[in-house]
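Q: Just need the structure, nothing else, for what follows:
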Amino acid sequence: MSQPISPALKRIIALIVFFSVVFVVMCTQGYMKFKAYQKAQAATWIDGSPWNAHAFSIPECLQAGWQWQKGCDGLPTLCKLHSQTLFHGCLKSQDRKSYCDTMGAPEITKDIYKMCNQIINPALLTLTLAKERSQCNAMGRVIDDVCRGYKKE
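A: This is a model prediction of the structure:
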């Protein structure tokens with residue numbers, strides 16, 4: 001014979017199901033917002049990237065990536081990843097070999113972090129929000145990846 005489920009266990013199961021549904025709904029909404037923003041920006045950022053019209057400097061590429069992420073109100077992870085893709089595309093739109101050759105990996109990371117800090121939060125000497133620090137670290141990894149590509153050639 002099976003024993004009946006206790007009321008406490010039923011409440012726990014109900015809460016788990018409730019929060020699971022809420023989580024799925026929030027993630028779906030965030031994804032839909034991201035896709036809507038991506039679609040709205042596609043003509044500017046993908047098909048006719050601004051850096052194809054004229055050469056962007058590294059700070060301009062950082063600015064473009066940050067502006068895209070700042071305007072995106074979808075899932076933060078998707079927004080951040082896509083802004084990194086845009087930053088990478090901007091960097092690769094012209095030869096950055098001379099920049100990469102003049103600096104070693106640690107210097108590049110520090111340089112990008114400093115540029116990123118000035119672009120994202122110029123009023124403060126340090127990045128205060130975890131989102132800002134995370135974005136600058138990610139941008140540093142992107143340019144490090146671009147520079148490593150030149151070393152393989």
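Q: immediately after the helix or strand of the chain with the lowest mean pLDDT, which helix or strand?
A: Ranking every helix and strand in the chain by mean pLDDT, DSSP states H and E puts helix 50-53 at the bottom, with a mean of 68. Next in sequence after helix 50-53, counting helices and strands by DSSP states H and E, comes helix 58-71.
Q: Mind telling me what element the residue most central in space within the chain is part of?
A: Centroid-nearest residue in the chain: residue 80, 1.6 Å away (criterion: Cα atoms, centre = their mean). Per DSSP H and E, residue 80 falls inside helix 76-92.
Q: Pull out the buried residues from that helix.
A: Neighbour counts over helix 76-92 (16 or more other Cβ atoms under 10 Å) mark 78-80, 82-84, 86-91 as buried. For every residue, glycine as well, the C-beta is placed using N, CA and C.
Q: Using TSV, lay out the residues you listed together with distance to residue 111.
A: Listed next are these as TSV, based on distance: Cβ to Cβ, whole Å:
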residue	distance to residue 111
78	27
79	24
80	21
82	24
83	19
84	17
86	20
87	15
88	17
89	20
90	16
91	13
